[in-house]
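> Sequence first, predicted coordinates after that:
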Amino acid sequence: MKSTYITVIGNLPVAFDMDQAKKLGPVIASANANKSITFDYATVNTEINLQDMLNSANFRDTDLLVPEKLFKKYMFFDGVTCLPDFPGLKSYDIDPNKCSAQTLSVMLAVYLRQTIVFLIGYDISNPTELTRLKSIMLANPTTKFMYVCNPPRTYQLDDLENGFCDTFIKFQELIDKNATE
């Protein structure tokens, strides 16, 4: 059965037990910024990060999704998969070889057609990242995006119909509620 939820771990370090998030559904890592657990998927677009991930025990059972340029070079390594051809990528003005891994992760989450995308450790302080995230959110109005943060709660996504911010406490409550159902 397909999960309704997917969690995207951004570029920022996370002080949360990510095994908890796996109880809700798949977890996508953005490159090698967080090596705390074995992730279901990880997006990476730099050769240095990919080599580090290939040599890291935590990424042994993770599908490493890379742009075509890197895939052609690393196709014979276990776990390395080519990123899908995201629809509308050119209209977002996003180059998968040059954008951040967290942007690739949110694109993958949307591509996998989950109903709710949790964003943890996602860097929205960078104006380019915030603009790209909002563009992706606007282009996918049926997908809900929850930015999970520590107090004080931020309101940067509340101007969008399908975006909201909440705390790790609320996220844990959702995990606990989902585990009892």
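Done, it's in.
> Now residue 27: closest residue in space, sequence neighbours ignored.
residue 7 (4.6 Å; Cβ to Cβ, 6 or more residues apart in numbering). C-betas here are computed from N, CA, C, even on glycine.
> Isn't residue 102 up against residue 11?
Yes - at 5.1 Å, residue 102 counts as touching residue 11 under the criterion of Cβ atoms under 8 Å.
> next helix or strand past the helix or strand of the chain with the lowest mean pLDDT?
Across the helices and strands of the chain, the lowest-confidence element by mean pLDDT, DSSP states H and E is helix 89-92, at a mean of 68. Downstream of helix 89-92, the next assigned helix or strand under DSSP states H and E is helix 101-111.
> ok, back up a step: check the secondary structure at the residue nearest to residue 27 for me.
strand (DSSP: H, G, I helix; E, B strand; the rest coil).
> Pull the contacting residues for it.
Taking Cβ atoms under 8 Å, 6 or more residues apart in numbering, we find residue 7 in contact with 18, 21-22, 24-28, 117-118, 120.
> mind redoing it with 6 Å?
Contacts for residue 7 (Cβ atoms under 6 Å, 6 or more residues apart in numbering) come out as 21, 27, 118.
> Could you count how many residues lie near the first one?
Residue 21 has 25 neighbouring residues, counting by other Cβ atoms under 10 Å.
> same deal with the last one?
Here the count is done by other Cβ under 10 Å, and residue 118 has 25 residues near it.
> Does it touch residue 146 like I think?
Yes - if you go by Cβ atoms under 6 Å, residue 118 and residue 146 touch, sitting 5.2 Å apart.
> Quick one: end-to-end length of stretch 81-96, please.
14 Å (Cα to Cα, to the nearest Å).
> who touches that stretch?
63, 65, 67-68, 71, 107, 111, 135.
> Show me the helices in the chain, by range?
All helices of the chain, identified by DSSP state H, fall at 18-21, 47-54, 68-74, 89-92, 101-111, 127-139, 168-180.
> Contacts made by the second one with the rest, please.
With Cβ under 6 Å, 6+ apart as the contact definition, helix 47-54 has outside contacts at 31-32, 44, 59, 64, 77.
> what about that helix, distance to the chain center?
From the chain centre to the centre of helix 47-54 is a distance of 18 Å (Cα atoms, centre = their mean, to the nearest Å).
> Give the buried residues for it.
Residues 49-50, 53-54 are the ones in helix 47-54 that count as buried (16 or more other Cβ atoms under 10 Å).
> what about residue 137, how many neighbours?
Residues near residue 137, counting by other Cβ under 10 Å: 20.
> how close does it sit to residue 131?
Per Cβ to Cβ, to the nearest Å, residue 137 is found 11 Å from residue 131.
> Low-confidence bits of the protein, can you list those?
Where the chain drops to pLDDT under 70, the residues are 1-3, 36, 88-90, 181.
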